[in-house]
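In: Sharing a model that was predicted from the sequence below.
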Amino acid sequence: MATPTTTFTWAVGTMDRQLSNGAVQTVHYTVTANDGTYEAGAYGSVGLDQPEDDSELTAYSELTESWAISALQAKLGGADKVAEIEAALQAQIDLQRTPVSGSGVPW
């Protein structure tokens, strides 16, 4: 039987911003791994660099979740860090699929 493929989903829960100019300061995110049977997840927050000039800002109302995910992944360290996070979640799913330890009592 083939090993199921794991799907990784990055999502943004909320963003903190400066009200004066709409600059996003912090992105709060989740990453979920799901192979159809098992699921693992992680969450975190990342601070974004602030532009020196407000003219470089995209209007807050025009930002998308795709923009926020790209920005947070870049700030985390790019593709290498994304792969590291996803590998850690895959390891959690692998342990759920084939446990190596347990707890309880024999009676």
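Out: Received the coordinates, thanks.
In: Next, residue 79: phi, psi?
Out: The phi and psi values for residue 79, taken as degrees, to the nearest 10, are phi -60, psi -40.
In: where's it relative to residue 86, distance?
Out: Here the criterion is CB to CB, to the nearest Å. By it, residue 79 lies 10 Å from residue 86. Using the backbone N, CA and C atoms, a C-beta is placed for each residue, glycine as well.
In: Could you look up the SS state of the residue nearest in space to the middle of the chain?
Out: In the chain, the C-alpha nearest the mean C-alpha coordinate belongs to residue 31, at 3.6 Å (CA atoms, centre = their mean). Assigned by DSSP: H, G, I helix; E, B strand; the rest coil, the conformation of residue 31 is strand.
In: Give me the more crowded residue out of residue 79 and residue 86.
Out: For residue 79 and residue 86, the more surrounded residue by other CB atoms under 10 Å is residue 86, and the numbers stand at 16 against 10.
In: doesn't residue 31 make contact with that one?
Out: Yes: Residue 86 is within contact range of residue 31, at 7.2 Å (criterion: CB atoms under 8 Å).
In: can you tell me which residues contact the residue in the chain sticking out farthest from the centre?
Out: Computed with CA atoms, centre = their mean, the maximum C-alpha offset from the centroid of the chain is found at residue 107, amounting to 41.8 Å. By CB atoms under 8 Å, 6 or more residues apart in numbering, no residues touch residue 107.
In: what's the pLDDT at residue 55?
Out: pLDDT for residue 55: 87.
In: Am I right that it falls within a helix?
Out: Yes: counting by three-state DSSP, residue 55 is found in a helix.
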